[in-house]
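J.: what's the 3D shape of this:
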Amino acid sequence: MTKQNYLLSALTVLFLGIAFQANAIDRQSLAKYAASLKGKKGASLKTALQPLLKPKKTLAYGKGEGHTWSGFYRTDRNPKTNECYNRYSSEKFFFTSDNSAIDGMNIEHSFPKSWWGKTNNDAYKDLYHLYPSPSTGNSDKSNYPMDEVTNASIEEEGYDKIGTGKNVNSKAWEPGDRFKGDFARTYMYMAVAYGDLTFVKTGKITMNNEDYPGLKPWASALYRKWSKADRVDSLERTRNESVAKIEGNRNLFIDYPYLAEYVWGDSVDVAFNPETSITTAYDDDRYLQGGSISDDPNTPDEPVAEVYYFSLADQVVPDSLYLIVADNGGSLLAMQMLSGTKTYGYPGTVDVKMVNDTISLSSLENTFKITADGKIVDSKGRYVWHEGSYKTISMTAGGDSKGSWTITKNSDGTFKIAFTDNYYIQYSTKFKSYGCYPDVQGLMPKLFVRVNKNVTPTAIVSVVDNGLRQRNGNIYTVEGRLVGKDASVLAPGLYIRDGKKFVVR
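T.: Numbering: from 1, shown residues only. Here you go, the predicted model:
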């Protein structure tokens, strides 16, 4: 990118940012709009979403005042240069007036109209899935399903690929990485807003003509994956606001970027709460904490480095991940797993730093899971155990765990992690490694448990109890405070119910 183009791009982003904040929805107004979704989950959430997603009005199809192209002028135009945003190829196109079509471009039904028989209904005219597209690209992608593509016959780097679908037994198209999230959120919107249509022929590859889930499992899984990888940027939010002003509805999959998980994904059993869920509203910065998002449609998002957080544990929650950490005069030394194919030895250490009782790491390599029956498993799935009178620690693959550990907290905050033969894990200040000893020959470690990054607990409520936990549906914070049984009223964070952790977003 030349310096001149870079400066132009930066000015455009600044202009869009100012305009966006002036016109965008705030978090409170968004929660009011989505109030009917509170407490809903899975199928009932999808049903409640439909009337909120369907447009109150649509523009007439085509060019001219009050038609689709006049909408594109407001939703897909760079206001500084009059360039039309093109999500399908690197070709440049420009608006010449506010009502005219652009030569060489078509109105693209990204969710193909043939899928429901081409009926000229609201789906046919809905700007949330209509995009300006180069005529050739519109023709090339035909009415193929959107999927990951192999053996591409048509491909432009950074843009569309057309070839063999990875999940479907047909030809398919795949958007460029910088637009995958945009199209994924578009398809999820269409699948819910128009889930009551009857889908035919190619449409049945993606849709199943059932009230729930509507999307085929392969499709919902892929679109959620893409939505996480290519996050909502300010251009997509600005388009959402522009279409909302025209149609009177909103694409809530843009407003609530984790909403899809409550409809089809890992939170289908958790009640959705529009008041506490993370949003892309201009006054909610929680979503942006996930890393840098590019505002420039010609620049991909910066990769977001994964960070894992571990907080000082007071007790043990079964099936959680832990760091085993010795405090050697202020130096925190986490126990490493045995390297390579070694099955026994004296595990080394990795230096870690603690800030506000929390350790952050970029890898889970040297973490250990503690199960409900007292087994310890390393990150390679090997069981940790102790043999005979040896002072080494064993880590063995396979289903034979050799025995369980008894974990007891000491008065100084360390833990005695004792095997069945009463040898227990310690850090040797003499040999600068971990071993298993029958008496005090080193430092007993502390335990740090993996937590959600937005919470910094200092205590965990449940202990290893051989699976005999009471299961009454009570919900606790990780500090041990009882907060009731209704997850829908909780603030975002990590909670424990019936001995299992879950996240409220």
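
J.: alpha carbons only for contacts and neighbour counts from here, please
T.: Will do.

J.: Quick check: the gap between the residue nearest to residue 194 when sequence neighbours are not counted and residue 225.
T.: Ranked by Cα to Cα, 6 or more residues apart in numbering and with sequence neighbours excluded, the top spatial neighbour of residue 194 is residue 123, at 6.9 Å. The gap separating residue 123 from residue 225 is 25 Å, by Cα to Cα, to the nearest Å.

J.: residue ranges with poor pLDDT in the chain?
T.: Applying pLDDT under 70 to the chain flags the ranges 1-23, 288-306, 398-401, 452-472, 476-484, 488-493, 495, 498-501, 505.

J.: hey, where'd the helices end up in it?
T.: Using DSSP state H, the helices assigned to the chain run over residues 3-23, 27-33, 42-53, 68-75, 122-125, 135-141, 180-193, 203-206, 217-229, 234-247, 252-255, 259-263.

J.: Determine the longest strand present in this structure.
T.: Looking across the chain with DSSP state E, the single longest strand is strand 320-328.

J.: Let's see it as PDB, backbone CA atoms only.
T.: Extracted in PDB, the C-alpha atoms of strand 320-328 (Å, rounded to 0.1, in the frame of the first residue of the first chain):
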ATOM      1  CA  SER A 320     -10.300 -28.300  35.400                       C
ATOM      2  CA  LEU A 321      -6.900 -27.500  34.100                       C
ATOM      3  CA  TYR A 322      -4.100 -26.600  36.600                       C
ATOM      4  CA  LEU A 323      -0.600 -25.300  36.900                       C
ATOM      5  CA  ILE A 324       1.500 -26.900  39.600                       C
ATOM      6  CA  VAL A 325       3.700 -24.000  40.900                       C
ATOM      7  CA  ALA A 326       6.300 -23.800  43.500                       C
ATOM      8  CA  ASP A 327       7.300 -20.500  45.100                       C
ATOM      9  CA  ASN A 328      11.000 -20.500  45.500                       C
END
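
J.: hang on, the earlier thing: tell me which of the helices of the chain sits nearest to residue 91.
T.: Among the helices of the chain, the nearest to residue 91 by Cα to Cα is helix 135-141 (10.5 Å).

J.: Which elements pack onto the closest one?
T.: Judged by 3 or more Cα pairs under 8 Å, 6 or more residues apart in numbering; DSSP states H and E, helix 135-141 is in contact with strand 105-109.

J.: Let me know the angle separating the strand it packs on from helix 68-75.
T.: If you take axes from the mean of the first three to the mean of the last three Cα atoms, to 10 degrees, strand 105-109 sits at 90 degrees to helix 68-75.

J.: quick one on the thing from earlier: parallel or antiparallel, which strands does the longest strand of the chain pair with?
T.: Strand 320-328 sits in its sheet next to strand 331-335 (antiparallel), strand 368-370 (antiparallel), strand 446-451 (antiparallel), going by DSSP bridges.

J.: Which positions within it qualify as buried?
T.: 320-326 (16 or more other Cα atoms under 10 Å).

J.: gap between residue 335 and residue 307?
T.: 19 Å.

J.: go on, residue 105?
T.: From residue 105 to residue 307 the distance is 43 Å (Cα to Cα).

J.: out of those two, which sits in the busier spot?
T.: Set residue 105 next to residue 307 and count neighbours by other Cα atoms under 10 Å: residue 105 wins out with 18 against 12.

J.: quick one on the thing from earlier: enumerate every residue touching the residue nearest to residue 194.
T.: For residue 123, the contact set (Cα atoms under 8 Å, 6 or more residues apart in numbering) comprises 113, 190, 194.

J.: from these, which would you call buried?
T.: The buried subset of the contacts of residue 123 - by 16+ other Cα under 10 Å - is 113, 190, 194.

J.: and of these, the nearest to residue 128?
T.: residue 190 (8.3 Å).

J.: Check the contact between that closest one and residue 113; I expect there is one.
T.: No - contact criterion Cα atoms under 8 Å: residue 190 and residue 113 do not qualify, at 11.2 Å.
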